[in-house]
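Trainee: missing the sequence, but the structure's below:
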Ligand code: NDP
(Lines give C-alpha, C1' and ligand atoms only; values in the text may rest on other atoms or scores of the structure.)
Protein backbone atom coordinates (compact mmCIF):
# COMPACT_ATOMS: atom_id res chain seq x y z
CA UNK A 1 0.00 0.00 0.00
CA UNK A 2 1.30 3.42 -0.89
CA UNK A 3 1.19 5.37 2.37
CA UNK A 4 1.27 8.67 0.53
CA UNK A 5 -2.43 8.15 -0.27
CA UNK A 6 -3.92 9.89 2.70
CA UNK A 7 -6.55 12.46 3.43
CA UNK A 8 -5.29 13.71 6.74
CA UNK A 9 -1.76 14.71 7.35
CA UNK A 10 -0.49 15.88 10.67
CA UNK A 11 2.89 16.53 9.10
CA UNK A 12 3.14 19.93 10.72
CA UNK A 13 3.79 18.10 13.97
CA UNK A 14 7.28 18.40 12.54
CA UNK A 15 7.09 21.99 13.76
CA UNK A 16 8.21 20.51 17.05
CA UNK A 17 11.54 19.73 15.46
CA UNK A 18 10.96 16.02 15.44
CA UNK A 19 13.89 13.77 16.09
CA UNK A 20 13.42 10.08 15.70
CA UNK A 21 13.98 7.73 18.60
CA UNK A 22 15.72 4.56 17.48
CA UNK A 23 13.82 1.49 18.59
CA UNK A 24 14.71 -2.15 18.94
CA UNK A 25 14.34 -3.85 15.57
CA UNK A 26 12.27 -6.99 15.11
CA UNK A 27 13.64 -10.13 13.46
CA UNK A 28 13.54 -9.92 9.65
CA UNK A 29 9.91 -10.49 8.62
CA UNK A 30 8.89 -12.49 5.55
CA UNK A 31 5.13 -11.97 5.38
CA UNK A 32 2.60 -9.23 5.84
CA UNK A 33 -0.80 -9.66 7.50
CA UNK A 34 -3.60 -7.25 6.70
CA UNK A 35 -7.34 -6.61 6.72
CA UNK A 36 -8.99 -5.79 3.41
CA UNK A 37 -12.51 -4.67 2.63
CA UNK A 38 -14.32 -7.86 1.54
CA UNK A 39 -17.79 -6.39 0.92
CA UNK A 40 -19.67 -3.15 1.44
CA UNK A 41 -22.03 -3.07 4.43
CA UNK A 42 -25.70 -2.38 3.97
CA UNK A 43 -26.48 -0.54 7.17
CA UNK A 44 -24.67 -1.89 10.19
CA UNK A 45 -21.26 -3.36 9.27
CA UNK A 46 -20.33 -6.87 10.38
CA UNK A 47 -17.22 -9.02 10.64
CA UNK A 48 -17.98 -10.52 7.21
CA UNK A 49 -17.26 -7.16 5.58
CA UNK A 50 -13.57 -7.69 6.36
CA UNK A 51 -11.10 -10.34 5.21
CA UNK A 52 -7.81 -11.22 6.88
CA UNK A 53 -4.99 -11.92 4.43
CA UNK A 54 -1.40 -13.06 4.64
CA UNK A 55 0.72 -11.82 1.74
CA UNK A 56 4.37 -11.51 0.81
CA UNK A 57 6.25 -8.78 2.61
CA UNK A 58 6.20 -5.59 0.48
CA UNK A 59 9.64 -4.56 -0.77
CA UNK A 60 10.98 -1.01 -0.43
CA UNK A 61 12.02 0.29 -3.84
CA UNK A 62 14.44 3.10 -4.59
CA UNK A 63 13.52 6.16 -2.49
CA UNK A 64 11.15 4.13 -0.33
CA UNK A 65 10.99 2.87 3.22
CA UNK A 66 9.53 -0.32 4.69
CA UNK A 67 7.32 0.42 7.70
CA UNK A 68 6.26 -1.84 10.53
CA UNK A 69 3.00 -0.77 12.17
CA UNK A 70 3.20 -0.35 15.93
CA UNK A 71 -0.19 1.27 16.61
CA UNK A 72 -3.28 1.54 14.42
CA UNK A 73 -5.94 4.15 15.09
CA UNK A 74 -9.57 3.02 14.69
CA UNK A 75 -12.00 5.88 14.05
CA UNK A 76 -15.68 6.29 13.16
CA UNK A 77 -14.85 7.96 9.80
CA UNK A 78 -13.71 4.55 8.51
CA UNK A 79 -17.37 3.52 8.30
CA UNK A 80 -17.87 6.12 5.54
CA UNK A 81 -14.87 4.78 3.62
CA UNK A 82 -16.60 1.39 3.39
CA UNK A 83 -19.47 2.87 1.35
CA UNK A 84 -19.57 2.98 -2.43
CA UNK A 85 -20.91 6.53 -2.58
CA UNK A 86 -18.97 9.77 -2.77
CA UNK A 87 -17.87 11.46 0.42
CA UNK A 88 -15.33 14.10 1.38
CA UNK A 89 -12.57 11.49 1.03
CA UNK A 90 -11.80 8.55 -1.23
CA UNK A 91 -13.61 5.29 -0.52
CA UNK A 92 -11.76 2.02 0.09
CA UNK A 93 -12.09 -0.23 -2.96
CA UNK A 94 -13.12 -3.86 -2.48
CA UNK A 95 -10.01 -5.96 -1.85
CA UNK A 96 -7.98 -2.94 -0.73
CA UNK A 97 -6.43 -2.61 2.71
CA UNK A 98 -8.64 -0.72 5.16
CA UNK A 99 -7.30 2.80 5.65
CA UNK A 100 -6.13 4.20 8.95
CA UNK A 101 -3.60 6.36 10.73
CA UNK A 102 -0.66 4.55 12.30
CA UNK A 103 2.47 4.96 14.34
CA UNK A 104 5.12 2.91 12.55
CA UNK A 105 8.80 2.09 12.68
CA UNK A 106 11.12 2.32 9.68
CA UNK A 107 12.60 -1.18 9.39
CA UNK A 108 14.40 -0.58 6.09
CA UNK A 109 15.22 2.70 4.39
CA UNK A 110 16.15 3.49 0.81
CA UNK A 111 15.09 7.11 1.36
CA UNK A 112 17.72 9.57 2.66
CA UNK A 113 15.18 11.42 4.83
CA UNK A 114 14.47 8.40 7.02
CA UNK A 115 16.81 6.08 8.89
CA UNK A 116 16.23 2.53 10.01
CA UNK A 117 14.66 2.71 13.46
CA UNK A 118 12.89 6.07 12.94
CA UNK A 119 9.39 6.27 14.39
CA UNK A 120 6.85 7.98 12.14
CA UNK A 121 3.16 8.69 11.85
CA UNK A 122 1.76 7.31 8.61
CA UNK A 123 -1.52 6.49 6.94
CA UNK A 124 -0.61 2.89 6.28
CA UNK A 125 -3.89 1.22 7.27
CA UNK A 126 -4.89 -2.07 8.83
CA UNK A 127 -1.73 -4.04 8.13
CA UNK A 128 1.55 -4.99 9.74
CA UNK A 129 3.94 -3.76 7.02
CA UNK A 130 3.75 -1.19 4.23
CA UNK A 131 6.02 0.79 1.96
CA UNK A 132 6.11 4.53 1.44
CA UNK A 133 8.03 7.01 -0.66
CA UNK A 134 8.03 9.29 2.38
CA UNK A 135 5.12 11.50 1.32
CA UNK A 136 2.75 11.85 4.23
CA UNK A 137 5.18 10.44 6.75
CA UNK A 138 6.12 12.54 9.77
CA UNK A 139 8.91 11.72 12.13
CA UNK A 140 7.46 11.33 15.57
CA UNK A 141 8.36 13.96 18.09
CA UNK A 142 10.25 12.09 20.84
CA UNK A 143 8.42 14.17 23.43
CA UNK A 144 5.12 12.50 22.52
CA UNK A 145 4.74 9.87 25.23
CA UNK A 146 3.12 7.44 25.03
CA UNK A 147 3.76 7.39 21.27
CA UNK A 148 0.16 6.29 20.62
CA UNK A 149 -0.95 9.79 21.69
CA UNK A 150 0.12 10.85 18.19
CA UNK A 151 -3.08 9.11 17.03
CA UNK A 152 -5.25 10.68 19.72
CA UNK A 153 -4.94 13.70 21.94
CA UNK A 154 -1.85 14.96 20.03
CA UNK A 155 -3.16 13.79 16.66
CA UNK A 156 -6.23 13.95 14.48
CA UNK A 157 -8.92 13.64 17.21
CA UNK A 158 -7.21 16.25 19.40
CA UNK A 159 -6.96 18.72 16.52
CA UNK A 160 -10.63 18.07 15.69
CA UNK A 161 -11.65 18.96 19.23
CA UNK A 162 -9.38 22.03 19.33
CA UNK A 163 -10.44 23.63 16.04
CA UNK A 164 -14.08 22.61 16.25
CA UNK A 165 -14.60 23.99 19.72
CA UNK A 166 -12.35 27.05 19.68
CA UNK A 167 -12.75 28.26 16.09
CA UNK A 168 -16.36 27.32 15.40
CA UNK A 169 -17.87 26.95 18.88
CA UNK A 170 -16.05 30.03 20.22
CA UNK A 171 -16.91 29.36 23.88
CA UNK A 172 -16.81 32.24 26.33
CA UNK A 173 -16.34 32.04 30.09
CA UNK A 174 -19.65 31.53 31.88
CA UNK A 175 -21.38 29.98 28.87
CA UNK A 176 -22.86 26.48 28.86
CA UNK A 177 -21.24 23.94 26.53
CA UNK A 178 -22.92 20.60 25.87
CA UNK A 179 -21.27 17.74 24.00
CA UNK A 180 -22.17 14.20 23.01
CA UNK A 181 -19.89 11.12 22.91
CA UNK A 182 -18.33 13.15 25.67
CA UNK A 183 -15.77 10.65 26.98
CA UNK A 184 -14.44 9.53 23.58
CA UNK A 185 -11.38 10.46 21.55
CA UNK A 186 -12.72 13.85 20.43
CA UNK A 187 -15.35 14.55 23.09
CA UNK A 188 -13.08 14.14 26.11
CA UNK A 189 -10.78 16.82 24.71
CA UNK A 190 -13.64 19.17 23.79
CA UNK A 191 -15.08 19.01 27.30
CA UNK A 192 -11.77 19.63 29.02
CA UNK A 193 -10.88 22.59 26.78
CA UNK A 194 -14.31 24.07 27.45
CA UNK A 195 -13.63 23.77 31.19
CA UNK A 196 -10.25 25.48 30.71
CA UNK A 197 -12.13 28.33 29.00
CA UNK A 198 -14.33 28.78 32.09
CA UNK A 199 -17.55 27.25 30.76
CA UNK A 200 -20.19 25.11 32.41
CA UNK A 201 -19.76 21.74 30.70
CA UNK A 202 -22.48 19.13 30.46
CA UNK A 203 -21.63 15.86 28.75
CA UNK A 204 -23.86 13.25 27.18
CA UNK A 205 -22.54 9.67 27.23
CA UNK A 206 -23.82 6.10 27.27
CA UNK A 207 -22.83 3.91 30.22
CA UNK A 208 -23.15 5.17 33.80
CA UNK A 209 -19.43 4.43 34.23
CA UNK A 210 -18.62 6.88 31.42
CA UNK A 211 -20.85 9.57 32.97
CA UNK A 212 -19.11 9.13 36.33
CA UNK A 213 -15.70 9.39 34.65
CA UNK A 214 -16.77 12.57 32.83
CA UNK A 215 -17.55 14.31 36.11
CA UNK A 216 -15.00 12.77 38.48
CA UNK A 217 -11.97 12.56 36.16
CA UNK A 218 -12.57 15.01 33.32
CA UNK A 219 -14.10 17.67 35.57
CA UNK A 220 -17.41 18.21 33.77
CA UNK A 221 -20.14 19.87 35.79
CA UNK A 222 -22.61 17.13 34.89
CA UNK A 223 -23.10 14.27 32.48
CA UNK A 224 -26.37 12.63 31.43
CA UNK A 225 -26.85 9.24 29.82
CA UNK A 226 -28.58 8.85 26.46
CA UNK A 227 -29.63 5.40 27.69
CA UNK A 228 -32.08 7.05 30.12
CA UNK A 229 -35.64 7.60 28.88
CA UNK A 230 -35.75 11.02 30.58
CA UNK A 231 -32.40 12.18 29.14
CA UNK A 232 -34.02 15.33 27.68
CA UNK A 233 -35.44 16.34 31.09
CA UNK A 234 -32.13 15.58 32.82
CA UNK A 235 -30.29 17.71 30.27
CA UNK A 236 -32.73 20.60 30.72
CA UNK A 237 -32.24 20.41 34.50
CA UNK A 238 -28.45 20.54 34.07
CA UNK A 239 -28.63 23.54 31.71
CA UNK A 240 -30.69 26.09 33.67
CA UNK A 241 -29.34 28.95 31.52
CA UNK A 242 -29.82 27.11 28.23
CA UNK A 243 -27.07 25.97 25.86
CA UNK A 244 -24.63 28.35 24.15
CA UNK A 245 -22.42 25.80 22.40
CA UNK A 246 -23.40 22.28 21.37
CA UNK A 247 -20.50 20.24 19.98
CA UNK A 248 -22.27 17.67 17.82
CA UNK A 249 -20.58 14.27 17.62
CA UNK A 250 -23.65 12.06 17.48
CA UNK A 251 -27.02 13.38 16.21
CA UNK A 252 -30.11 11.30 17.03
CA UNK A 253 -31.64 11.58 20.49
CA UNK A 254 -28.82 13.82 21.76
CA UNK A 255 -29.56 16.49 19.15
CA UNK A 256 -33.31 16.16 19.80
CA UNK A 257 -32.74 16.85 23.50
CA UNK A 258 -30.40 19.77 22.83
CA UNK A 259 -32.45 21.64 20.20
CA UNK A 260 -35.12 23.17 22.47
CA UNK A 261 -32.46 24.34 24.93
CA UNK A 262 -30.33 26.30 22.45
CA UNK A 263 -29.99 29.99 23.34
CA UNK A 264 -30.08 32.96 21.02
CA UNK A 265 -26.77 33.14 19.12
CA UNK A 266 -25.86 29.54 20.05
CA UNK A 267 -23.06 27.89 18.03
CA UNK A 268 -23.23 24.28 16.87
CA UNK A 269 -20.00 22.86 15.43
CA UNK A 270 -21.19 19.76 13.55
CA UNK A 271 -18.27 17.37 13.91
CA UNK A 272 -19.88 13.95 13.56
CA UNK A 273 -23.20 12.11 13.39
CA UNK A 274 -22.25 8.63 14.52
CA UNK A 275 -25.84 7.70 15.41
CA UNK A 276 -26.64 7.96 11.70
CA UNK A 277 -23.60 6.40 10.02
CA UNK A 278 -25.28 3.00 9.63
CA UNK A 279 -28.59 4.36 8.37
CA UNK A 280 -29.48 3.52 4.80
CA UNK A 281 -32.34 5.99 4.50
CA UNK A 282 -33.88 8.93 6.31
CA UNK A 283 -35.84 7.97 9.43
CA UNK A 284 -39.65 7.93 9.07
CA UNK A 285 -41.70 10.77 10.44
CA UNK A 286 -42.86 14.25 9.55
CA UNK A 287 -40.46 16.47 7.65
CA UNK A 288 -39.02 18.77 10.32
CA UNK A 289 -36.63 20.64 8.08
CA UNK A 290 -38.68 23.85 8.22
CA UNK A 291 -38.83 23.63 12.04
CA UNK A 292 -35.04 23.38 12.16
CA UNK A 293 -34.61 26.28 9.75
CA UNK A 294 -37.11 28.28 11.77
CA UNK A 295 -35.11 27.64 14.95
CA UNK A 296 -31.87 28.65 13.26
CA UNK A 297 -33.50 31.83 11.95
CA UNK A 298 -35.39 32.99 15.02
CA UNK A 299 -32.59 32.25 17.49
CA UNK A 300 -29.77 33.37 15.16
CA UNK A 301 -28.08 30.02 15.63
CA UNK A 302 -24.84 29.27 13.80
CA UNK A 303 -24.41 25.64 12.72
CA UNK A 304 -21.21 24.78 10.91
CA UNK A 305 -19.96 21.45 9.74
CA UNK A 306 -16.22 20.93 9.48
CA UNK A 307 -13.65 18.35 8.42
CA UNK A 308 -10.43 18.40 10.40
CA UNK A 309 -8.19 18.02 7.34
CA UNK A 310 -9.31 21.51 6.25
CA UNK A 311 -7.90 23.01 9.44
CA UNK A 312 -4.25 21.98 9.36
CA UNK A 313 -3.20 25.64 9.54
CA UNK A 314 -4.05 25.39 13.25
CA UNK A 315 -1.60 22.55 13.93
CA UNK A 316 1.19 24.75 15.38
CA UNK A 317 -1.21 26.43 17.84
CA UNK A 318 -2.79 23.09 18.67
CA UNK A 319 0.53 21.36 19.33
CA UNK A 320 1.74 24.23 21.51
CA UNK A 321 -1.44 24.44 23.60
CA UNK A 322 -2.17 20.74 23.87
CA UNK A 323 1.40 19.77 24.77
CA UNK A 324 1.32 22.43 27.47
CA UNK A 325 -2.05 21.33 28.87
CA UNK A 326 -0.94 17.70 28.97
CA UNK A 327 2.36 18.55 30.63
CA UNK A 328 0.57 20.64 33.26
CA UNK A 329 -2.00 17.88 33.88
CA UNK A 330 -4.83 20.15 32.70
CA UNK A 331 -5.95 17.68 30.05
CA UNK A 332 -6.26 13.96 30.79
CA UNK A 333 -6.55 11.34 28.10
CA UNK A 334 -7.80 7.80 28.23
CA UNK A 335 -6.95 5.19 25.61
CA UNK A 336 -8.86 2.02 24.89
CA UNK A 337 -6.04 -0.22 23.70
CA UNK A 338 -6.70 -3.60 22.10
CA UNK A 339 -3.97 -6.08 21.29
CA UNK A 340 -3.16 -7.59 17.92
CA UNK A 341 -4.18 -6.73 14.37
CA UNK A 342 -6.62 -9.68 14.42
CA UNK A 343 -8.80 -7.68 16.86
CA UNK A 344 -9.26 -4.68 14.56
CA UNK A 345 -12.69 -5.41 12.98
CA UNK A 346 -14.37 -6.43 16.24
CA UNK A 347 -12.92 -3.39 18.02
CA UNK A 348 -13.99 -1.10 15.16
CA UNK A 349 -17.57 -2.40 15.25
CA UNK A 350 -17.60 -1.63 18.98
CA UNK A 351 -17.33 2.09 18.24
CA UNK A 352 -20.95 2.01 17.07
CA UNK A 353 -22.29 0.52 20.29
CA UNK A 354 -20.14 2.48 22.74
CA UNK A 355 -17.87 -0.47 23.57
CA UNK A 356 -14.79 1.76 23.54
CA UNK A 357 -14.03 3.79 26.66
CA UNK A 358 -11.54 6.38 25.38
CA UNK A 359 -9.51 6.62 22.17
CA UNK A 360 -9.61 3.27 20.36
CA UNK A 361 -6.13 2.10 19.34
CA UNK A 362 -4.83 -1.31 18.24
CA UNK A 363 -1.38 -2.30 19.44
CA UNK A 364 -0.15 -4.12 16.34
CA UNK A 365 3.43 -4.86 17.38
CA UNK A 366 5.78 -3.99 20.20
P1 LIG B 1 -15.43 8.04 20.17
O2 LIG B 1 -14.11 7.69 20.76
O3 LIG B 1 -16.27 9.05 20.87
O4 LIG B 1 -16.26 6.70 19.97
C5 LIG B 1 -17.56 6.72 19.46
C6 LIG B 1 -18.60 6.92 20.58
O7 LIG B 1 -19.82 7.39 20.00
C8 LIG B 1 -19.00 5.63 21.27
O9 LIG B 1 -18.10 5.22 22.26
C10 LIG B 1 -20.36 6.00 21.85
O11 LIG B 1 -20.16 6.68 23.08
C12 LIG B 1 -20.89 7.02 20.83
N13 LIG B 1 -21.94 6.40 20.00
C14 LIG B 1 -21.78 5.44 19.07
N15 LIG B 1 -22.96 5.13 18.49
C16 LIG B 1 -23.89 5.93 19.09
C17 LIG B 1 -25.30 6.10 18.92
N18 LIG B 1 -26.00 5.40 18.03
N19 LIG B 1 -25.92 7.01 19.70
C20 LIG B 1 -25.24 7.74 20.62
N21 LIG B 1 -23.90 7.63 20.81
C22 LIG B 1 -23.23 6.74 20.04
O23 LIG B 1 -15.23 8.51 18.67
P24 LIG B 1 -14.43 9.79 18.17
O25 LIG B 1 -14.18 10.70 19.29
O26 LIG B 1 -13.28 9.33 17.34
O27 LIG B 1 -15.47 10.46 17.17
C28 LIG B 1 -16.58 11.20 17.68
C29 LIG B 1 -17.33 11.83 16.50
O30 LIG B 1 -16.48 12.77 15.87
C31 LIG B 1 -17.75 10.83 15.43
O32 LIG B 1 -19.02 11.18 14.96
C33 LIG B 1 -16.69 11.03 14.35
O34 LIG B 1 -17.16 10.65 13.09
C35 LIG B 1 -16.45 12.52 14.49
N36 LIG B 1 -15.18 12.99 13.95
C37 LIG B 1 -15.23 13.98 13.02
C38 LIG B 1 -14.09 14.53 12.52
C39 LIG B 1 -14.18 15.65 11.55
O40 LIG B 1 -13.18 15.99 10.91
N41 LIG B 1 -15.35 16.27 11.40
C42 LIG B 1 -12.76 14.01 12.89
C43 LIG B 1 -12.81 12.99 13.94
C44 LIG B 1 -13.99 12.50 14.42
P45 LIG B 1 -21.20 6.48 24.31
O46 LIG B 1 -20.92 5.11 24.86
O47 LIG B 1 -20.86 7.58 25.24
O48 LIG B 1 -22.58 6.58 23.72
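Mentor: It's in. Computed from a prediction, not measured in an experiment: that's the story for all the values here.
Trainee: what about the closest residue to residue 58 other than its chain neighbours, helix or strand, and which?
Mentor: With sequence-adjacent residues excluded and distances taken as CB to CB, 6 or more residues apart in numbering, residue 58 is closest to residue 131, at 4.7 Å. The way it works is simple: take the backbone N, C-alpha and C, and place the C-beta from them, glycine included. Assigned by DSSP states H and E, residue 131 falls within strand 129-132.
Trainee: average pLDDT for that strand?
Mentor: For strand 129-132, the mean pLDDT works out to 98.
Trainee: on contacts alone, who are the packing partners of it?
Mentor: For strand 129-132, the elements it packs on are strand 65-73, judged by 3 or more CB pairs under 8 Å, 6 or more residues apart in numbering; DSSP states H and E.
Trainee: Settle this for me: the residue nearest to residue 58 is touching residue 59, isn't it.
Mentor: Yes - Residue 131 is within contact range of residue 59, at 7.1 Å (criterion: CB atoms under 8 Å).
Trainee: of all the residues in the stretch 251-366 of the chain, which ones are close to the ligand?
Mentor: Contacts of the stretch 251-366 of the chain with the ligand, taken as CB under 6 Å from any ligand atom, map to 252, 271-275, 306-308, 351-352, 354, 356, 359.
Trainee: Tell me the buried residues in the lengthiest helix in the chain?
Mentor: Ordering each helix of the chain by length in residues (DSSP state H) puts helix 315-327 first. Across helix 315-327, burial judged by 16 or more other CB atoms under 10 Å covers 315, 318-319, 321-323, 325-326.
Trainee: roughly how far out does that helix sit from the chain middle?
Mentor: Put simply, helix 315-327 sits 17 Å off its chain's centre (CA atoms, centre = their mean, to the nearest Å).
Trainee: Downstream of that helix, the next helix or strand is which one?
Mentor: Following helix 315-327 in sequence order, the next helix or strand is strand 335-339 (DSSP H and E).
Trainee: immediately after the helix or strand residue 158 falls within, which helix or strand?
Mentor: Following DSSP H and E, one finds residue 158 within helix 156-163. For helix 156-163, the following helix or strand on the C-terminal side (DSSP H and E) is strand 176-179.
Trainee: That following strand pairs with which strands, and in what direction?
Mentor: strand 200-205 (parallel), strand 243-247 (parallel) (DSSP bridges).
Trainee: In CSV: those strands, plus distance to the ligand.
Mentor: Below are these laid out as CSV (distance: least, CB to the nearest ligand atom, whole Å):
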stretch, distance to the ligand
strand 200-205, 4
strand 243-247, 9
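Trainee: What distance do you get for the residue nearest to residue 58 to residue 61?
Mentor: Distance of residue 131 to residue 61, computed by CB to CB, to the nearest Å: 7 Å.
Trainee: These two: which is more packed in?
Mentor: residue 131 (19 against 12; other CB atoms under 10 Å).
Trainee: tell me which residues form a beta bridge with the more buried one?
Mentor: Those that pair with residue 131 in a beta bridge, by DSSP bridges, are residue 2, residue 66.
Trainee: was I right about residue 108 contacting residue 61?
Mentor: No - applying CB under 8 Å, one finds residue 108 not in contact with residue 61, separated by 10.8 Å.
Trainee: Please tell me I have it right and residue 73 contacts residue 99.
Mentor: No - Residue 73 lies out of contact with residue 99 (CB under 8 Å); the separation is 10.3 Å.
Trainee: And stretch 216-236, how far out from the chain middle?
Mentor: In terms of CA atoms, centre = their mean, the centre of stretch 216-236 is found 22 Å from the chain centre.
Trainee: From the opening residue of it to its closing one, how far?
Mentor: 21 Å (CA to CA, to the nearest Å).
Trainee: Residue 227: what secondary structure?
Mentor: coil (DSSP: H, G, I helix; E, B strand; the rest coil).
Trainee: Closest one of the residues of the stretch 251-366 of the chain next to the ligand to residue 336?
Mentor: Proximity of those to residue 336 was ranked by CB to CB; the top entry is residue 356 with 4.4 Å.
Trainee: what about the closest one, how many neighbours?
Mentor: 23.
Trainee: Now do the contacts for it.
Mentor: The contact partners of residue 356, by CB atoms under 8 Å, 6 or more residues apart in numbering, come to 184, 336, 347, 350.
Trainee: Among these, pick out the one closest to residue 300, please.
Mentor: Among those, residue 184 lies closest to residue 300 (CB to CB), at 29.8 Å.
Trainee: What's the separation between the residue nearest the centre of the chain and residue 77?
Mentor: The centre of the chain sits closest to residue 157, judged by CA atoms, centre = their mean, with a distance of 3.9 Å. Separation of residue 157 from residue 77 (CB to CB): 10 Å.
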